[in-house]
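S.K.: just to be clear, the model below is a prediction. Sequence and coordinates:
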Amino acid sequence: MKSINLLPGKPKKERSVSYITILVVIAVAFVALILQSSLYLVWSKNQDEIEQQISSYDAQIIKLKEEGQSRDLIDKFHLASSTLSQLKEQRPEYISYLAAIIGYLPSSAKVVFIEALEKDKLAMQINFKAYAESVTYLEKLEASPQLGNVQFGSYTNKVEENNAAGGKMTVFEMLLQVSFAESKGVSE
């Protein structure tokens, strides 16, 4: 038979929670200390490499200052700089012309390309979904005060197969050349 103990239980030793907490804090602090020291070593190594690069650059600068720059190189630089600024002043500002060209487009039209042919002439290919849209657009371009001569290149009716709906769609393709009005934007 089993013996049954009816006496009150003996009190167990309670481990101190603060002792475990202290051990955990010490372990975390130790890991953080190791991590910080390894990062310090990496950063100090990088700092040493950067300081070496800076000192070598300083030596190169001193060497170049002692040798002096060739007057011919300085003159070539100034010539190239002045030529560049002259070219920037001579180029036309296309933004106002493009705004006129794009502003008249119906929302369903698609610009395939716009290309600068000359200083004052653009070529473009535009696809329209309806014939009436293309005619209205052409009339608006010809009436635009910013645009000069509008030359009609070609007009093609074609079928596109890869549209968003997945079916076939008729597209009216127009090729145009547009010259700018002489009074605005183009400097001679």
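M.R.: Arrived safely, thanks for sending.

S.K.: what segments of the chain are strands?
M.R.: Remark: strands assigned in the chain by DSSP state E are 110-118, 121-128, 147-160, 169-180.

S.K.: for this protein, which spans come out with low pLDDT?
M.R.: 13-17, 68-72, 91-92, 162-166, 182-188 (pLDDT under 70).

S.K.: show me which helix runs longest in the chain.
M.R.: Longest helix in the chain, counting residues (DSSP state H): helix 17-67.

S.K.: could you name the helices and strands sitting against it?
M.R.: With contacts defined as 3 or more Cβ pairs under 8 Å, 6 or more residues apart in numbering; DSSP states H and E, helix 17-67 has no helix or strand neighbours. In short, each C-beta sits where N, CA and C put it, glycine included.

S.K.: check the offset of that helix from the chain's centre.
M.R.: Helix 17-67 has its C-alpha centroid displaced from the chain centroid by 34 Å (Cα atoms, centre = their mean, to the nearest Å).

S.K.: for stretch 60-68, same thing?
M.R.: Relative to its parent chain, stretch 60-68 has a centroid offset of 38 Å by Cα atoms, centre = their mean.

S.K.: got the buried residues for that stretch?
M.R.: Using 16 or more other Cβ atoms under 10 Å as the test for burial, stretch 60-68 gives no buried residues.

S.K.: which among the strands of the chain is found nearest to S44?
M.R.: The closest approach between S44 and any of those, judged by Cβ to Cβ, belongs to strand 110-118 at 55.6 Å.

S.K.: and that closest one, which residues are buried?
M.R.: Those would be I114, for strand 110-118 by 16+ other Cβ under 10 Å.

S.K.: how about stretch 75-91?
M.R.: Within stretch 75-91, judged by 16+ other Cβ under 10 Å, no residue is buried.

S.K.: for it, C-alpha coordinates in PDB please.
M.R.: C-alpha atoms of stretch 75-91 as PDB (Å, rounded to 0.1, in the frame of the first residue of the first chain):
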ATOM      1  CA  ASP A  75      42.700  78.800 -72.700                       C
ATOM      2  CA  LYS A  76      41.200  75.600 -74.200                       C
ATOM      3  CA  PHE A  77      38.900  75.300 -71.200                       C
ATOM      4  CA  HIS A  78      37.700  78.900 -71.500                       C
ATOM      5  CA  LEU A  79      37.200  78.500 -75.300                       C
ATOM      6  CA  ALA A  80      35.100  75.400 -74.800                       C
ATOM      7  CA  SER A  81      33.100  77.100 -72.000                       C
ATOM      8  CA  SER A  82      32.300  80.100 -74.100                       C
ATOM      9  CA  THR A  83      31.400  77.900 -77.100                       C
ATOM     10  CA  LEU A  84      29.000  76.000 -74.900                       C
ATOM     11  CA  SER A  85      27.300  79.100 -73.600                       C
ATOM     12  CA  GLN A  86      26.900  80.400 -77.200                       C
ATOM     13  CA  LEU A  87      25.300  77.100 -78.300                       C
ATOM     14  CA  LYS A  88      22.900  77.300 -75.300                       C
ATOM     15  CA  GLU A  89      21.900  80.800 -76.300                       C
ATOM     16  CA  GLN A  90      21.300  79.800 -79.900                       C
ATOM     17  CA  ARG A  91      19.100  76.800 -79.400                       C
END
